[in-house]
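Engineer: Give me coordinates for this.
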Amino acid sequence: MQSASVILLLALVASVSCYRCTSTGNVNVTANGKQPINGQFPHHALLESDFAEGKRYCSGAMVSRQFVLTVAQCVQGATTVKVTLGANCLLEGGDNKYRYTFTALEYFVKEGFSDETFENDVAMVQFTDEEVRLPPWVAPVALPAVDEQHVSEEVFTSGYGLLSFSAESAADSLQFLKLTVLDYEQCQDEFQFVTPESGQFCAQREDAQPNCVSDVGSPLVVKRKGYMKYTLLGLTSFGQKFACSFGNPGALQEVRAHVEWVQSFLEDGEEVSTTPATTDAGPEEDY
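Structural biologist: Next comes the predicted model:
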């Protein structure tokens, strides 16, 4: 009887972790990650931006029930931005039906953003003018404290393996990987201009294995045992093309450098937590 229960449990796990997505037709795309179970990364947002030259996809992180934080290069100059929450698939249809799409009301690029150095490469996207009721598997991420340090820690990145803004190089489903936060000396071997003052840092897959998961704007998060929420450490900004091919470090915006700016958009009572609630259960061991 006990063995039958174990088999049933394994079947249930398989049913939530293995789902089929509508094919993008991009059969040669390999993101080298794992499919998450539904709700594993409840903060992950898919952004679809319309520009004069065409449509672009990227990622971001839900930081409140009205706003998504992403990188400025995803939205600056866009005529329309759509925000999709709760999706494990790039396109509609397939097994993953629990997606919520909003046409953004407005977006705000941080003053000082440079498309040459990618400093201040952050933007807030407002997808609704009032808090929306969403299911438990769609939830905001916690912001880091301004003095947090995570060098050498294991962290998670999630994305569709976009090698550029174009969906033509994206995988069908959301995927994730473990990365490690590098110290500045290691980061400067790849990007000399990344310093503690630049508001950027680097992360890399263990043993410099290829990492094709991260999109432009992909959230980099940490989740310690005993905490209910992930904490948002960074947003992928540049370098992911090299990481995909050769395992080079990717460069990210350091969210702790922008916490005050992010919170300035939030109404009273909507303040993002920098101290996630605790629970007796930690993250699953096989994440």
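Engineer: any idea of the mean pLDDT in stretch 31-51?
Structural biologist: For stretch 31-51, mean pLDDT is 90.
Engineer: same deal with stretch 124-132?
Structural biologist: The average pLDDT within stretch 124-132 is 90.
Engineer: Relative to the whole chain's centre, how far out is it?
Structural biologist: Centroid separation for stretch 124-132 versus its chain: 18 Å, with Cα atoms, centre = their mean, to the nearest Å.
Engineer: That one: end-to-end distance?
Structural biologist: 17 Å (Cα to Cα, to the nearest Å).
Engineer: same question, stretch 142-155
Structural biologist: Chord length of stretch 142-155, first to last residue, is 14 Å (Cα to Cα).
Engineer: just stretch 52-69 next, same as before
Structural biologist: End-to-end distance of stretch 52-69 (Cα to Cα): 23 Å.
Engineer: Also stretch 158-178?
Structural biologist: End-to-end distance for stretch 158-178, by Cα to Cα: 9 Å.
Engineer: likewise stretch 197-209?
Structural biologist: From its first residue to its last, stretch 197-209 covers 28 Å (Cα to Cα).
Engineer: in it, what counts as buried?
Structural biologist: Ser198, Gly199, Gln200, Phe201, Cys202, Ala203, Gln204, Arg205 (16 or more other Cβ atoms under 10 Å). (Glycine included, C-beta is placed from N, CA and C.)
Engineer: Okay, the residue nearest to Leu220 when sequence neighbours are not counted and Val83: tell me how far apart.
Structural biologist: Nearest residue to Leu220, sequence neighbours excluded (Cβ to Cβ, 6 or more residues apart in numbering): Gly234, at 4.0 Å. Plainly put, Gly234 is 20 Å away from Val83 if you go by Cβ to Cβ, to the nearest Å.
Engineer: Just want to know which of the two has more residues nearby.
Structural biologist: Gly234 (29 against 24; other Cβ atoms under 10 Å).
Engineer: and Phe246, how many neighbours does it have?
Structural biologist: Phe246: 11 surrounding residues under other Cβ under 10 Å.
Engineer: Relative to Phe41, which of the buried residues of stretch 197-209 is nearest.
Structural biologist: Ala203 (16.0 Å; Cβ to Cβ).
Engineer: Next, that closest one: secondary structure please.
Structural biologist: Secondary structure for Ala203, judged by DSSP: H, G, I helix; E, B strand; the rest coil, is strand.
Engineer: Ignoring the adjacent residues along the chain, who's closest to it?
Structural biologist: Leu179 (4.2 Å).
Engineer: beta partners for that neighbour?
Structural biologist: Beta-bridge partners recorded for Leu179 (DSSP bridges): Val155.
Engineer: what are the ranges of the strands in the stretch 101-250 of the chain?
Structural biologist: Applying DSSP state E, counting those that start in this stretch to the stretch 101-250 of the chain gives strands spanning 106-109, 123-126, 154-159, 175-181, 200-204, 219-222, 231-238, 250-254.
Engineer: So for the fifth one, mean pLDDT?
Structural biologist: Mean pLDDT, strand 200-204: 83.
Engineer: could you dump the buried residues of stretch 197-209 to TSV with distance to Arg133?
Structural biologist: As requested, the buried residues of stretch 197-209 are exported to TSV (distance: Cβ to Cβ, whole Å):
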residue	distance to Arg133
Ser198	39
Gly199	34
Gln200	36
Phe201	35
Cys202	38
Ala203	34
Gln204	39
Arg205	37
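Engineer: Quick check: of these, which lies closest to Ala257?
Structural biologist: Taking Cβ to Cβ as the measure, Ala257 sits nearest to Gly199 out of the buried residues of stretch 197-209, at 4.0 Å.
Engineer: check contacts around that closest one.
Structural biologist: Residues counted as contacts of Gly199 (Cβ atoms under 8 Å, 6 or more residues apart in numbering) are Glu119, Asn120, Gln253, Glu254, Ala257, His258.
Engineer: ok, of these, which come out buried?
Structural biologist: Buried among the contacts of Gly199 (16+ other Cβ under 10 Å): Glu119, Asn120, Gln253, Glu254, Ala257, His258.
Engineer: So which of the strands of the stretch 101-250 of the chain is the most surrounded?
Structural biologist: strand 250-254 (a mean of 28; mean count of other Cβ atoms under 10 Å).
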